[in-house]
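Q: I would like to see how this sequence folds:
(one chain, ligands or ions: 1)
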Amino acid sequence: MHKNKLVVVGVGHVGSYVLADAMKLRLFSEIATIDILEGVSRGEALDQAHATALTYMSNVDVHAGDYSDCADADVIIVAAGPSVLKDDNNPDAIPDRASLTGINAEVIREVMAGISTFTKEAIVILITNPLDTMTYIAASEFDYPEGRVFGTGTMLDSARLRKVVSQHYGIDPKSVTGYMMGEHGLTAFPVMSRLNINGIRYDEFGTYFPEVQPLDPEEVGAAVVKAAYDVLNGKGWTNAGVAQAAITLAQAVLLDEKSVYPVCTILRGQYGHDGDVALSMPCLIGRNGVEKKYGVSLDEWETAKMNASIDYIQLAMKDAKTGPFKG
Ligand SMILES: NC(=O)c1ccc[n+]([C@@H]2O[C@H](COP(=O)([O-])OP(=O)(O)OC[C@H]3O[C@@H](n4cnc5c(N)ncnc54)[C@H](O)[C@@H]3O)[C@@H](O)[C@H]2O)c1
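A: Next comes the predicted model:
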């Protein structure tokens, strides 16, 4: 009988939270951890193994592993490599994820070499930053089927967008539909033309919520980008939101849910680009990973934002010497 198996690569602040969420999802029978620090991998797995003896936990076979564990994995979530750090002397710092390009390009090349030695079947979900460039490297340099590798992308930024909008209007964030597109980072932008509150379009908000100040697209985008730094500059890292995003995607894969989420993939004809950049747009997620990409039409403001985001991602790609920017 087939047993659902997850491998988590990199079990630091983010990976350990992914692991904890996966343990509670009740969809995996086996979970293996991999980390360059073997003690961390062993310790995290053992800690979770002890928790399986307690009420409300399922009896998951959770253990430290190595890349051979990928051979029969259904889903692999990659959170390996360092994050930007908070600056104790500057509580308003906004360190750019792109500063991680050099170090994490090496990490992702090492991790993908390990994974692709044992499987080209498992669905690989990347979290490591700068996410778009890391996804491009993983999806293009290892002969891995392209739809089977994607990044959490603006899934987290979009959750933050819905939270920002919902707080402004005093409603449940689940009643807000909308997403950020482009880079997972400083140039992500809200697709205001597609934003709605359970069918009430953005351009109708003034009619239905006359008592509320109208939303300014630039301010909304800035508030969403800043939300990441409110967390980072508070506790020193972010992990809960992105872990939930990754686990939501893992479930969509395992259950073949055909869910539409904004995730990061390589553009194939959308927005005038073919194979030279990866970024987030709404995609259909099922058992085969990204099964469809929806290059939704954008208005003039959004198109300008998209082009700026593409230019910015390509700077990191140049730095990582990947795709059209190989040496
Ligand atoms: N995409 C998103 O929305 C999002 C959100 C938060 C964090 N992140 C990113 O996730 C990554 C992890 O963040 P974190 O806070 O957990 O960092 P962390 O430093 O706490 O953990 C990183 C882990 O990766 C391990 N590692 C390093 N190199 C490795 C390698 N070659 N092979 C296997 N394991 C390796 C480290 O030993 C460590 O345990 C960062 O790149 C961060 O920027 C992305």
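Q: residue contacts, the nearest residue to residue 173 once chain neighbours are set aside?
A: The shortest distance from residue 173 to any residue that is not its chain neighbour, by C-beta to C-beta, 6 or more residues apart in numbering, is 3.9 Å, and that residue is residue 166. Bear in mind the C-beta positions are built from the backbone N, C-alpha and C, glycine included. Shown in contact with residue 166 (C-beta atoms under 8 Å, 6 or more residues apart in numbering): 172, 173, 175, 176.
Q: ok, then the element right after the helix or strand bottoming out on mean pLDDT in the chain?
A: Using mean pLDDT, DSSP states H and E, helix 217-235 stands out as the lowest-scoring helix or strand of the chain, at a mean of 95. Proceeding N to C from helix 217-235, the next assigned helix or strand is helix 240-254, under DSSP states H and E.
Q: what's downstream of that following helix, the next helix or strand?
A: Tracing the chain past helix 240-254, the next element assigned as helix or strand by DSSP H and E is strand 259-268.
Q: and that next one, how far from the chain's centre?
A: Taking C-alpha atoms, centre = their mean, to the nearest Å, one finds the center of strand 259-268 at 10 Å from the center of the full chain.
Q: After that strand, which helix or strand is next?
A: strand 274-286.
Q: ok, and for that next one, which residues are buried?
A: 276, 277, 278, 279, 280, 281, 282, 283, 284, 285, 286 (16 or more other C-beta atoms under 10 Å).
Q: Who are the packing partners of it?
A: Strand 274-286 sits against helix 131-140, strand 149-151, strand 180-181, helix 240-254, strand 259-268, strand 289-293, helix 300-319, with contacts defined as 3 or more C-beta pairs under 8 Å, 6 or more residues apart in numbering; DSSP states H and E.
Q: from the stretch 201-327 of the chain, which residue is nearest to the ligand?
A: Each residue of the stretch 201-327 of the chain has a distance to the ligand, by C-beta to the nearest ligand atom, and the smallest belongs to residue 242, at 3.7 Å.
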